[in-house]
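Colleague: What would the 3D arrangement of this be:
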Amino acid sequence: MGAAGKTWAIVLAGGDGTRLRSLTTDETGVSVPKQFCSLRGDISLLHEALERARAVAEPDHICVVVTEQHRRWWRPALAGMVSANIIVQPDNRGTANGVLLALLHVINRDPHARIVLLPSDHHVNDEAVLAASLQRGIRELDGGCKQVVLLGISPDDAEPDLGYIIPESARAGALAPVSGFVEKPGAGRARDLIKAGALWNAFIVAAHAAKLLEVFSKKFPQTVANMKKAVAHDIETPHTPDATAVVYQTLLNVDFSRDLLTGEESALCVLPVGRCGWSDLGTPQRLAQMLQGLQISKRPAPPCAVGSSSDPPIPATGFLNLGRQYAQSTAAADAASQPAS
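Modeller: You can find the predicted model right below:
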């Protein structure tokens with residue numbers, strides 16, 4: 001892999017959050033993407049992810065992928081971040097294209113970078129457990145691991161509509177080659193998968209940037225070639241950064257796990273993460289489970305000074321309180337179910 005580079009964290013914040021839209025629509029009828037919401041009226045899920053990133057990367061090596069149409073939310077939320085670290089997609093074309101765009105920007109600045117991919121719309125109860133696994137994943141890369149490392153969450157129960165990573169061996173805590181993936185297996189098969197050692201796919205990745213780019217190039221060579229040219233053009237001519245927008249008009253919606261990693265298992269290994277109270281908050285039911293598990297007392301917002309000490313403070317509060325939204329939705333449903341007097 002050549003000379004050692006820095007560790008960079010890429011926080012993925014470009015999604016639309018459609019699965020939770022019933023709870024993320026505000027009083028004006030506008031759907032706020034989940035990553036810009038909070039669980040209980042304090043810091044947003046995006047800012048939780050930014051704090052998570054600091055377990056492995058210095059603030060100036062933390063990048064965020066956002067989407068142009070969400071500017072009203074990410075612009076104030078990222079006010080203290082240097083503009084070069086805010087990577088703006090012209091449109092949302094799936095997680096794979098968002099990762100590729102960020103990956104090329106990071107490689108341009110640090111060709112030997114190690115990267116960690118972190119979704120911004122998840123919640124973790126025990127951040128210390130996940131942080132230790134993130135740090136171990138980076139150490140595996142420093143130790144000569146030439147594969148893309150996926151962090152697999154030890155399941156709390158048999159969730160039928162999550163993705164599962166199947167390791168070739170199921171030794172507790174051991175790094176293992178990936179045998180395959182199963183997406184939304186149903187309750188019965190999910191139980192069987194867990195018994196066999198399968199892990200939840202949290203879409204958390206550690207890799208040498210060049211190795212991950214190899215996987216992209218093998219699967220989507222023309223997209224990589226086009227995107228490389230566009231990124232180079234936009235970096236060289238910052239006053240006319242339109243080449244990426246032109247390329248994005250040609251892109252199909254491509255999912256990172258389903259469309260990129262599936263079929264490339266020989267390039268992948270999985271590192272088990274102990275139970276840490278992870279949730280993708282993907283449905284109202286999983287949101288309710290997470291809210292029930294949180295302490296009643298309001299958690300103080302941790303510091304999140306992403307820029308330098310001279311930068312202005314970042315507005316950390318979520319634009320919507322998901323706990324309140326869920327409570328209001330439940331109360332309305334209960335009232336509607338009562339017989340008319």
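
Colleague: Can you tell me the strand partners of the helix or strand residue 149 falls within and which way each runs?
Modeller: Per DSSP states H and E: residue 149 is located in strand 148-153. Using DSSP bridges, strand 148-153 pairs in its sheet with strand 199-208 (antiparallel), strand 268-273 (parallel).

Colleague: To residue 116, which of those lies closest?
Modeller: strand 199-208 (5.1 Å; Cβ to Cβ). (Each C-beta comes from the backbone N, C-alpha and C, glycine too.)

Colleague: How far off centre is the helix or strand following that closest one?
Modeller: Using DSSP H and E, the helix or strand that directly follows strand 199-208 along the chain is helix 209-219. Put simply, helix 209-219 sits 19 Å off its chain's centre (Cα atoms, centre = their mean, to the nearest Å).

Colleague: Check stretch 248-264 too.
Modeller: For stretch 248-264, the distance to the chain centre is 15 Å (Cα atoms, centre = their mean).

Colleague: try stretch 110-126
Modeller: Offset of stretch 110-126 from its chain centre (Cα atoms, centre = their mean): 7 Å.

Colleague: next one: stretch 23-34
Modeller: Between the centre of stretch 23-34 and the centre of its chain there are 20 Å (Cα atoms, centre = their mean).

Colleague: ends of it, how far apart?
Modeller: End-to-end distance for stretch 23-34, by Cα to Cα, to the nearest Å: 9 Å.

Colleague: That one - what's its average pLDDT?
Modeller: Taken as a whole, stretch 23-34 has an average pLDDT of 91.

Colleague: List just the one of the strands paired with strand 148-153 that sits closest to residue 281.
Modeller: Of the strands paired with strand 148-153, nearest to residue 281 by Cβ to Cβ is strand 199-208, at 12.0 Å.

Colleague: Let me see the ranges of the helices in the stretch 1-150 of the chain.
Modeller: 21-24, 45-53, 71-77, 95-109, 127-142 (DSSP state H, counting those that start in this stretch).

Colleague: Buried deepest among these, which one?
Modeller: Of all these, helix 45-53 carries the top mean neighbour count, a mean of 25, counting by mean count of other Cβ atoms under 10 Å.

Colleague: which residues sit against that helix?
Modeller: Contacts with helix 45-53, where a contact means Cβ atoms under 8 Å, 6 or more residues apart in numbering, come from 9, 11, 13, 34-39, 62, 64, 74, 77, 116, 118-124, 127, 130-131, 134, 281, 301-302, 304, 306, 314, 316, 318.

Colleague: Narrow these to those in strands?
Modeller: 9, 11, 62, 64, 116, 118, 119, 123, 124 (DSSP state E).

Colleague: As CSV, those residues with neighbour count and distance to residue 147 would be great.
Modeller: Listed next are these as CSV, based on neighbours: other Cβ atoms under 10 Å; distance: Cβ to Cβ, whole Å:
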residue, neighbour count, distance to residue 147
9, 27, 19
11, 28, 23
62, 25, 24
64, 27, 26
116, 27, 15
118, 28, 19
119, 18, 21
123, 22, 28
124, 20, 24
